[in-house]
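Peer 1: dropping the sequence and predicted coords here.
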Amino acid sequence: MNQEYRYTILDENTQLGIKEICALCRISSELVNEMVNEGVLIPEGPTPETWRFSAVAIKRIQVTRRLQNDLQVNLAGAALALDLLDEIDELRSRLR
């Protein structure tokens, strides 16, 4: 059982292009475009060719895919859910 694993270490300063995001999350660039249009992802840069994503985008993609697969939530609903989860995190950090 010799399996080879590859890992990418990310931190809050990591910036990824659309190709890296697609490869890491195993999604198409079309889906990334849809996620940007719905507000799930907010890239830096004016065009898809120059977009840069933070490592937080990976988590947002994973949560979105889970909402879609497990609960049949559309992208607009996922964007709303992510905004609400971000708000909850912010409120929890204020309480600390």
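Peer 2: Now that the structure is in, tell me what you want to look at. Residues are numbered from 1 along each chain as shown.

Peer 1: hey, where'd the helices end up in this structure?
Peer 2: Here the chain has its helices, by DSSP state H, at 18-25, 29-38, 56-71, 75-95.

Peer 1: if you count contacts, what does the first one end up packed against?
Peer 2: Contact partners of helix 18-25 among helices and strands, from 3 or more Cβ pairs under 8 Å, 6 or more residues apart in numbering; DSSP states H and E: helix 29-38, helix 56-71. (Glycine included, C-beta is placed from N, CA and C.)

Peer 1: returning to that earlier point: redo the helices of the chain as CSV? Include mean neighbour count and mean pLDDT.
Peer 2: Below are the helices of the chain laid out as CSV (neighbours: other Cβ atoms under 10 Å; pLDDT from 0 to 100):
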stretch, mean neighbour count, mean pLDDT
helix 18-25, 17, 95
helix 29-38, 16, 97
helix 56-71, 16, 96
helix 75-95, 12, 96
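
Peer 1: can you list the helices and strands packed on helix 18-25 in CSV and add distance to Cys22?
Peer 2: Formatted as CSV, those follow (distance: least, Cβ to Cβ, whole Å):
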stretch, distance to Cys22
helix 29-38, 6
helix 56-71, 10
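
Peer 1: closest one to Glu44 among those helices?
Peer 2: With respect to Glu44, and counting by Cβ to Cβ, the nearest of the helices and strands packed on helix 18-25 is helix 56-71 at 10.4 Å.

Peer 1: and Arg6, what pLDDT?
Peer 2: pLDDT for Arg6: 65.

Peer 1: now do the residue nearest to Asp83 when sequence neighbours are not counted against Val73, distance only.
Peer 2: Spatial nearest neighbour of Asp83, excluding adjacent residues (Cβ to Cβ, 6 or more residues apart in numbering): Gly39 at 7.8 Å. The gap separating Gly39 from Val73 is 14 Å, by Cβ to Cβ, to the nearest Å.
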